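[1] model this:
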Amino acid sequence: MRVLITGAAGFLGSHLADRFLAEGHAVVGLDNFVTGHPDNIAHLMGRPDFEFLRHNISTYTFVAGPLDGVLHFASPASPVDYLEHPIPTLKVGALGTHNALGLAKAKGARFFLASTSEVYGDPLVHPQTESYWGNVNPIGPRGVYDEAKRYAEAMTMAYHRYHGIDTRIVRIFNTYGPRMRPRDGRVVSNFIVQALTGEPITIYGNGSQTRSFCYVDDEVEGIFRLFMHGDHDPTNIGNPDEYTVKQLAEIVVELTGTKSPIVYRDLPEDDPKVRRPDITRACTMLGWTPKIPVRDGVSKTIEYFRELIGAGRVGKS
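    Predicted structure coming up:
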């Protein structure tokens, strides 16, 4: 196959490009580097089976040659990023999704949307199943991301129903691992960088809010299986093991051996109190379950950030 991956220089997009290439497929990567980074795909440059287009998918997009798949991963995806870039976040969810779907339609390609557990908002159902419609504040600060992805899902289903496009929708839960950006506002990267640089480890709220952390290799495996063997209905891909934010901080403190203190700050507006996927659908349809325990994944991620810090690529906050 030959596939297009938007957001290919991002955290997940770059790992996904690696996976498709490892399976013998050709990849066209597209990114405008708003939140992606050239270092994430530097190892792919010059390969005959990888092409790169520096481009904003929210504008008119042309890709030469045939495509068998269009995987739309372009979007700011952390609170720091989408609060800093609220309008581009809305645009890439709306205009970017429309352009990517139009490209898939023109090429007769399968379309794959990277959606998010944020479509569930601050959920009133726990754990979250794909049938849950969510509890989202459309005008709150997080609404720019939540509603962009909800709109993207609606647009994807409209193209599926009206144009007969072969589509997939993955709802991605908290994912972590190498190639995360330092200080991107996500708890795993924040805690690790703070621990390794001797800064206070910052917990927002009292730390009792829960998250479910999936290591990137497990996430990409689920995503790849969904692209190859899934159907058009949304599918949760994430780790159902649930941790409080405070528990994660304590794991990072233990594994890094840091002397950094844990400090507490006010909880941001509309921050979800719980987050845990029901992955029954992925288990049944794809035979997928995550394999890597959080402690093992966090250890791998610590080593990645330790190398970045040693190379002087992580500044002070």
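
[2] Do I have it right that residue 6 meets residue 97?
    No - the criterion here is CB atoms under 8 Å, and residue 6 misses it with residue 97 at 9.5 Å. To be clear about C-beta, it is placed using only N, CA and C from the backbone, and glycine gets the same treatment.

[3] Could you name every residue contacting both of these two?
    By CB atoms under 8 Å, 6 or more residues apart in numbering, residue 6 and residue 97 have these common neighbours: residue 72.

[4] Show me the helices in the stretch 151-300 of the chain, by range?
    187-197, 216-229, 245-256, 280-286, 294-310 (DSSP state H, counting those that start in this stretch).

[5] Looking at the ones you listed, which is nearest to residue 205?
    helix 245-256 (7.4 Å; CB to CB).

[6] Could you list the alpha-carbon positions for that closest one in PDB?
    Presented in PDB, the C-alpha positions along helix 245-256 are these (Å, rounded to 0.1, in the frame of the first residue of the first chain):
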ATOM      1  CA  VAL A 245      -2.400  11.400  38.800                       C
ATOM      2  CA  LYS A 246      -0.700  11.300  42.200                       C
ATOM      3  CA  GLN A 247       0.100   7.600  41.700                       C
ATOM      4  CA  LEU A 248       1.800   8.400  38.400                       C
ATOM      5  CA  ALA A 249       3.800  11.100  40.100                       C
ATOM      6  CA  GLU A 250       5.000   8.700  42.800                       C
ATOM      7  CA  ILE A 251       6.000   6.200  40.100                       C
ATOM      8  CA  VAL A 252       8.100   8.800  38.300                       C
ATOM      9  CA  VAL A 253       9.700   9.900  41.600                       C
ATOM     10  CA  GLU A 254      10.600   6.300  42.400                       C
ATOM     11  CA  LEU A 255      11.900   5.400  38.900                       C
ATOM     12  CA  THR A 256      14.000   8.600  38.500                       C
END
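
[7] That one packs against which elements?
    helix 187-197, strand 201-204, strand 210-212, strand 262-265, helix 294-310 (3 or more CB pairs under 8 Å, 6 or more residues apart in numbering; DSSP states H and E).

[8] Would you mind splitting this structure into its domains for me?
    The chain resolves into domains spanning 2-175+215-237, 177-211+241-276+293-310 when parsed by automatic domain parsing.

[9] Most tightly packed of those?
    domain 2-175+215-237 (a mean of 20; mean count of other CB atoms under 10 Å).

[10] show me what contacts residue 305?
    182, 189, 192-193, 196, 314.

[11] Just give me the closest of the residues you listed to residue 274.
    residue 189 (21.1 Å).

[12] Residue 314 versus that closest one, what's the distance?
    Residue 189 sits 10 Å away from residue 314, going by CB to CB, to the nearest Å.

[13] Check the gap between the closest residue to residue 276 other than its chain neighbours and residue 71 for me.
    The shortest distance from residue 276 to any non-neighbouring residue, by CB to CB, 6 or more residues apart in numbering, is to residue 127 (4.1 Å). Using CB to CB, one obtains 26 Å as the distance from residue 127 to residue 71.

[14] Equivalent analysis for residue 208, please.
    36 Å.

[15] same deal with residue 218?
    Taking CB to CB, one finds residue 218 at 18 Å from residue 71.

[16] ditto for residue 41
    15 Å.

[17] Kindly report the same for residue 184.
    Distance from residue 184 to residue 71, by CB to CB: 21 Å.

[18] Show me how far the helix or strand where residue 81 lies is from its chain's centre.
    Element membership for residue 81, per DSSP states H and E: helix 79-84. Centroid displacement of helix 79-84 relative to its chain, using CA atoms, centre = their mean, to the nearest Å, is 14 Å.

[19] Now do the end-to-end distance for stretch 87-95.
    The first residue of stretch 87-95 is 11 Å away from its last residue (CA to CA, to the nearest Å).

[20] I misspoke; the intended subject was stretch 270-285.
    End-to-end for stretch 270-285, by CA to CA: 33 Å.

[21] likewise stretch 61-76?
    19 Å.

[22] Residue 105: which of the helices of the stretch 151-300 of the chain is closest?
    Comparing those by CB to CB, helix 216-229 comes nearest, at 17.4 Å.

[23] Relative to its centre, which residue of the protein is most distant?
    No residue in the chain sits farther from the centre than residue 259, which is 30.5 Å out by CA atoms, centre = their mean.
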